[in-house]
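Chemist: Fold the following for me, if possible:
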Amino acid sequence: EKAVADPVTKAATPQNIKFDQNSHTNHTEEFVELELRPIEGLKITPGFKHVDFNRRIDAQYNQTTRYAQRLSDTYTANLPFATINYAVTPQVAVYGQFARGFLAPPLSVLYVANPSLSTVAPERSTNYQAGAVYHGRSLSLDLDVYKIDFSNKFTSIVSAVPGEGTVFFNQGAVQYKGVEGQVTYAFPMGLAVFANGSRNYAKTDNPGTIQQQVAKAPEWTAAGGLLYKHGPIRFSLIDKWVGKQFFVAPTGSLVAGNAYDNPTYQSRGYNTAILSARYDIGPVRIGAEVNNLFDSRRRS
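Modeler: Numbering: from 1, shown residues only. Now for the predicted structure:
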């Protein structure tokens, strides 16, 4: 490793030591949940969760900086949630869900020379989903719509000021929404076929700015295949598709100008087929699996 000296003690880090981090995480949650059944078939489940999340590093040689650092950050959140589920008939149910989400900054926020310069706050989300489910003797269907308001996305830059190093901060808000559906039909003797798909929307949502597509969020997904389970035999053939999505430039930032018309940083989609077979012999299960069965290599 490159020669590094502790900025306080001036002690040199041995060049055969990359890091000796000694990091710890302490995560506690308290929650309460109530289930209400005001009428036949209707279930309402509100709840509340409080989260305390602490990251601590007591490093003899921290990651990245490679000198002694003793750092700690604590994040807290209050997270309400609720679900409503109504069985319209024995085969049909409708539901709605609401929840607040929380994601603490990564441990790498503490891998920096000047952690006090970082202003990163936990990521937050407000999630809504509603849908309907049908479950018959052989046929199952479900359809739902969702919306997620996401704020405080993490990002980092290397400061132009000498000695400041990497600085973490929150980039802004994103809105995710879409529709999803699935159908499964079960034949006799353990054979079933299924198909599912989703159409997704993911764009920045910051006041006074133009909405931009978020990188690494596919515009659609789909899957289909067959499943077989009878006696000791298990078999499946599933093909999964991931639709068009965009990436970032090698610098880590979005491409300047009309980034999403630049073919260098986008994928038109790809698929991966998986063939799997298993056989039970007493308490032992043997099997084989082939990934990317059709050798799909689509890149653009």
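Chemist: check contacts around the closest residue in space to Glu35 that isn't next to it in sequence.
Modeler: Once its chain neighbours are removed from consideration, Glu35 has its nearest residue in Thr45; the separation is 5.1 Å (CB to CB, 6 or more residues apart in numbering). Using the backbone N, CA and C atoms, a C-beta is placed for each residue, glycine as well. Applying CB atoms under 8 Å, 6 or more residues apart in numbering, one finds that Thr45 lies in contact with 33-36, 82-85.
Chemist: mind checking pLDDT for Thr45?
Modeler: The predicted local confidence for Thr45 comes out at a pLDDT of 98.
Chemist: any idea of the mean pLDDT for stretch 233-250?
Modeler: Per-residue pLDDT over stretch 233-250 has a mean of 86.
Chemist: Report the buried residues of it.
Modeler: Neighbour counts using 16 or more other CB atoms under 10 Å place 234-239, 241-243, 245-246 of stretch 233-250 among the buried residues.
Chemist: could you pull out the helices for the chain?
Modeler: The residue ranges that make up helices in the chain, judged by DSSP state H, are empty, as it has none.
Chemist: Just checking, which helix or strand of it averages the lowest pLDDT?
Modeler: The helix or strand of the chain with the poorest confidence is strand 154-158; it has a mean of 86 (mean pLDDT, DSSP states H and E).
Chemist: what are the C-alpha coordinates of that strand, in PDB please?
Modeler: As requested, C-alpha coordinates have been extracted for strand 154-158 and formatted as PDB (Å, rounded to 0.1, in the frame of the first residue of the first chain):
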ATOM      1  CA  PHE A 154     -27.000   9.600  -1.000                       C
ATOM      2  CA  THR A 155     -24.100  10.800  -3.100                       C
ATOM      3  CA  SER A 156     -20.500  11.900  -2.700                       C
ATOM      4  CA  ILE A 157     -17.900  14.000  -4.300                       C
ATOM      5  CA  VAL A 158     -14.200  14.600  -3.900                       C
END
